[in-house]
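Peer 1: Quick check, what structure comes out for this input:
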Amino acid sequence: MTMVRMTVKGLMLDPISNSPIVVLRDDDDSTLLPIWVGVFEANAIALKLENYETPRPMTHDLLKGILGAMDAKVIRVVVNELRDSTFFARIVLSVGGNESEVDARPSDAIALALRVDAPIFVDQSVLDQAQTISPDDTQDEKVRKWFEQLNPEELGKYKM
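Peer 2: Next up is the predicted model:
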């Protein structure tokens, strides 16, 4: 199974549904993967992207603390499946020298990965199935143009 390393390019709101979208990009910036997420998860991602410290730990901060207290390390997170328009992810942990995987929503996996500086991967099969955007993609001209028109500041316009 081939995996593509990706990073969070930013967060934005879908102009049609007003739902938050986390946008992942590959290392050479040739593919963008939009994943629609919930409001709370988008806020958790936005807090970390903006380096905003909350007075009390949020859920993903709590999870980071628990993993640290148990001497567990997040090795990577992987968006590993797309089924019925729903993305699935796995958090790969190292606990006591053993590797374990935990099922997660991609938004939660990404929020945790940002907090622990773990790499984010997307399985190639997911990219093959998903509506990805690339500079030379002409299949969905309207969506491609929408993403092309977005500038880095616009991707940061998601408001908590």
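Peer 1: can you pull the buried residues of the helix or strand harbouring residue 112?
Peer 2: According to DSSP states H and E, residue 112 maps onto helix 106-116. Using 16 or more other C-beta atoms under 10 Å as the test for burial, helix 106-116 gives 106, 107, 108, 109, 110, 111, 112, 113, 114, 115, 116. C-beta here means a position set from N, CA and C on the backbone, and glycine is covered the same way.
Peer 1: what sits up against that helix?
Peer 2: 8, 22, 24, 35, 37-38, 41-42, 44-45, 48-49, 60-61, 63-64, 67, 73-74, 76-79, 87-91, 104, 118-120 (C-beta atoms under 8 Å, 6 or more residues apart in numbering).
Peer 1: Can you give the strand pairings for whichever helix or strand comes after that helix, parallel or anti for each?
Peer 2: Next along the chain after helix 106-116, taking DSSP H and E as the criterion, comes strand 120-123. The strands beside strand 120-123 in its sheet (DSSP bridges) come out as strand 3-13 (antiparallel), strand 72-83 (parallel).
Peer 1: could those strands be laid out in a markdown table, adding mean pLDDT?
Peer 2: A markdown table is the format used below for the strands paired with strand 120-123 (pLDDT from 0 to 100):
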| stretch | mean pLDDT |
| --- | --- |
| strand 3-13 | 94 |
| strand 72-83 | 97 |
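Peer 1: Tell me which of those sits nearest to residue 55.
Peer 2: strand 3-13 (22.2 Å; C-beta to C-beta).
Peer 1: can you give me how far the closest one is from the chain middle?
Peer 2: 5 Å (C-alpha atoms, centre = their mean, to the nearest Å).
Peer 1: other SSEs contacting the very next helix or strand once past it?
Peer 2: Toward the C-terminal end, the helix or strand that comes next after strand 3-13 (DSSP H and E) is strand 20-26. With contacts defined as 3 or more C-beta pairs under 8 Å, 6 or more residues apart in numbering; DSSP states H and E, the packing partners of strand 20-26 are strand 3-13, strand 32-36, helix 39-49, helix 106-116.
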